[in-house]
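[1] Whatever this is, show me its structure:
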Amino acid sequence: MKKSVFVFLALALACALPAFAEGTRTWRQASFDDFEHGTAKGIAIRSDGDLVLAPSFKSVYTSPSTYIWSIASDGEGNAYAAAGSPARIYRIAPDGQATVIFEPKELQVQALVVDTSGVLYAATSPDGKVYKIERPKPPQPEKGKKTKKSEEEEAAPATPPGTFTSSVFFDPKTKYIWDLALDAHGQLYVATGDRGEVYRVNRNGEGTLFFKSDEAHIRVLSFDTRGNLIAGSDGSGLIYRVAPNGEAFVLYSAPKKEITALAIDQAGNIYASAVGEKRSGATGSSNSSSFTPPPQASTPPPSSGSSASGNAPSSTPSTPSFTVSAGSDIYKIAPDGSPKRIWNSRDDIVYALGFDERGHLLAGTGNKGKIFAVEGESEYTDLLKASANQITAMAKAPNGGLWVSTSNLGKVFLLGAAPDADGTYESDVFDAHNFSRWGRMEVRGRGAYEFYERSGNVDNPDRNWSPWKKVELATNAEADVPSARFIQWRAVLHSGTTPAAIQSVTLNYRPSNVAPVVDDVAVQVGTRYQSTPKSSDSGTSNQRFDSPPPPIHDRDSIGVRWIAHDDNDDTLSYSIYYRGDNETGWKLLKDKVSDKFYSWDAALFPDGGYVIRIVASDAPSHSPDEALTDYADSERFEVDNTPPSVRDLNATVESGEFHITFRASDNYSPIKRAEYSIDAGAWQFVEPVGLISDNRVENYDFSVPSDGIVSVAAAEPGIARGKKAKNLATSQAPVEHVVVVRVYDRFDNMGSAKVIIHVPR
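    Next up is the predicted model:
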């Protein structure tokens, strides 16, 4: 393809067509969907599109365990993390110092609660038990007596102050223990799997069946403000309210199958998260195999790459995994029992619910390790992202903060009650698709913030981009970065009297014009394209009719179609030229074509060989001095509108056979085939003398047996005008036969001739 031969065509088109300048363009980001593709550090993204400072969030402890399933805290500000792979309980002090206080033989420590006296109750899995974990109490002397230690007691080492002892507190004799909860009287409630039962255990470890559901698994427990137990199931996604006397009522049947977390605010509103698609007609009691083990065997795959092997939990599950799909919902059930969905996501799975110091609902999710603040229906904030895949649990921390645990990796974080002093947000890399000059930045926001930009010509900023340059927003806000194809901006927000927020960012740029490209041109002889009606607002968009309408067979037409594109997305206009064999100049067939197809009357082209040239111009989008063109040529094609001729047709009767000879010729293309018919009989194919039909002149010489051929005159009664009809079969007149031949050239043009044979009776 050549880029400069037809410059005069661009000038002609520019004068003939209206010019719509498309020089300066804008890249604007102002919505949640725009901003969520960037990288936030200490920056939260609100559903209305604002960027604001996020609460402080720092990593406190990274455990050797892959999963942390539950976290609890005591009155001294210590956090306790229940983990798996390996199964342990970690005690994390407020200063971040961690110690292992419990190592069971089971595979997982699944659930954990701490009572008001600092005693821990931990549930293990599978085939697990509930353990009581506490610090040993020093022996108390009897009243009024002073004891004197023996020499052995004096010599024995003292129990370290941080040492904990453990003992089996309760064994529910079931495979799975999913959650634990303590009521106001210090009684422990144990949610189990396989039979969907909840046990109540008194302070002495004596347990009784408190509630049995018709679901396979009771997944989560919590207490409302009136002392009722709230329980969420897996199987049918039911939320139960169980009174202290054990009387149960289904508050809500969620559209999803598994309730993964519960949280209840001071006003008595119940919040529940749910995941998984329900099976049609499935119930927990009749089809326990529908259970997808939560969360350790029901959500995003762990970093090790293992995955769940099926829906039903195995008897000895190995490393847990996360395989739940189809997103999740959060529902709010008001004190009067009315439910509504207040948040949902197609990608994020909710594993934990909690409240911050201001009472805002927080949702811990995977598989991106995000925490969302849900403030109301369709009102939420992408608060922060942890350096782990799943947020699994939350617990109260000192000074109004929250302990946050994660899986893949097993970490503990501290979520502060106040925002960080500073936060940074880096936009996604913007691809202008062409080498571009970068202009002013327009920012709408409030408070204290700064902006920076950098540019480059590869899509990875780490590969030799320009350094970050500050944008002087107070003056002209012009970019001080090199012209390039890619660009990125960074915002730094600072705390202050007015909370900092960024509402929209617009970047002006001007891509360098590049010539359009004609990718392919194809000509079809005997084809016509039916033009498609144009809508009133379609203009001359380059995107219209990228696919031509279906071709219509029409031997009197010639059709051409082409493929073209423009990297600037400019509107293109096309001109069609043709040139015949042995001609030196190109002749205009049609200009100002906006479609990518055209057809015309084949009679306009005399017999011969031709080439079509398509010239594309972006003149409709540029001024005349900036318009660029490109062209491409079709393969050579041939036009033959003239039928072949039949000469020297002769037919005689010799020895009872018809002997027929003739010559077929065409001025342009070889003879394709020949046929004959005698007395209007069926057409019969005949070969030329040389048996190969490959020349513009072919001779034919063949004989046809006359047996069975009866003339029309011999078979019908006489029909002479004004005379009595008589049977001509008895007449002595010669019998008449009509021989017709027809020949075709390679373009299916047809010529014919006939001869009459008189055969004596």
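[2] tell me the helices in this structure, going along the chain?
    Applying DSSP state H to the chain gives helices spanning 7-16, 32-35, 151-155, 712-715.
[3] Pick out the shakiest of the ones you listed, pLDDT-wise.
    Of all the helices of the chain, the minimum mean pLDDT falls on helix 7-16 (a mean of 38).
[4] from what I can see residue 622 touches residue 573, true?
    No. Between residue 622 and residue 573 there is no contact under Cβ atoms under 8 Å: 11.3 Å. All C-beta atoms are positioned from the backbone trio N, CA, C, and that covers glycine.
[5] between the two, who's got more neighbours?
    Between residue 622 and residue 573, counting by other Cβ atoms under 10 Å, residue 573 is the more crowded of the two (26 against 22).
[6] And residue 434, what's its pLDDT?
    At residue 434, pLDDT is 89.
[7] same check, this time on residue 724
    On pLDDT, residue 724 comes in at 53.
[8] Make 4 the starting number, not 1.
    Fine by me, first position is 4 from now on; the one you just mentioned is residue 727.
[9] Identify the residue spatially nearest to residue 96, adjacent ones excluded.
    Nearest non-adjacent residue to residue 96, counting by Cβ to Cβ, 6 or more residues apart in numbering: residue 81, 5.6 Å away.
[10] who's in contact with the one you found?
    Neighbouring residues of residue 81 by Cβ atoms under 8 Å, 6 or more residues apart in numbering: 94-97.
[11] can you check residue 629 too?
    Residues near residue 629 by Cβ under 8 Å, 6+ apart: residue 516.
[12] Now residue 45: closest residue in space that isn't a chain neighbour?
    In space, and not counting its chain neighbours, residue 45 is closest to residue 426: 3.0 Å by Cβ to Cβ, 6+ apart.
[13] Report the beta-bridge partners for that neighbour.
    On the basis of DSSP bridges, residue 426 is bridged to residue 496.
[14] residue contacts, residue 434?
    462, 488-489.
[15] So which of those are in strands?
    When DSSP state E defines the strands, the subset of the contacts of residue 434 inside them is 488-489.
[16] Can you say which of the contacts of residue 434 are buried?
    Buried by 16 or more other Cβ atoms under 10 Å: 488-489, out of these.
[17] mind giving me CSV with the contacts of residue 434 and columns for distance to residue 564?
    Output for those, formatted as CSV (distance: Cβ to Cβ, whole Å):
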residue, distance to residue 564
462, 34
488, 32
489, 35
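[18] Can I get the contacts of residue 434 in a markdown table including distance to residue 138 and pLDDT?
    Formatted as a markdown table, the contacts of residue 434 follow (distance: Cβ to Cβ, whole Å; pLDDT from 0 to 100):
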| residue | distance to residue 138 | pLDDT |
| --- | --- | --- |
| 462 | 57 | 94 |
| 488 | 64 | 95 |
| 489 | 59 | 97 |
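[19] Residue 640: which of the contacts of residue 434 is nearest?
    Checking the contacts of residue 434 against residue 640 with Cβ to Cβ, the nearest one is residue 488 at 39.8 Å.
[20] Now do the phi/psi pair for the nearest residue to the closest one once chain neighbours are set aside.
    Once flanking residues are discounted, residue 488 sits nearest to residue 460: 5.1 Å by Cβ to Cβ, 6+ apart. Note on residue 460: its backbone torsions stand at phi -120, psi 10 [degrees, to the nearest 10].
[21] In terms of pLDDT, where does residue 460 sit?
    96.
[22] hang on, the earlier thing: count of neighbours near the residue nearest to residue 45?
    When neighbours are counted by other Cβ under 10 Å, residue 426 comes out with 24.
[23] list the contacts for residue 175?
    132-133, 193, 195, 200, 202, 210.
[24] just the residues you listed now: which is nearest residue 552?
    Checking the contacts of residue 175 one by one against residue 552 (Cβ to Cβ), the nearest turns out to be residue 195, at 66.2 Å.
[25] Report the beta-bridge partners for the closest one.
    Here residue 195, judged by DSSP bridges, has bridge partners residue 180.
[26] Please apply the same query to residue 356.
    Applying DSSP bridges to residue 356, the residues it is bridged with are residue 366.
[27] Alright, calling it a day.
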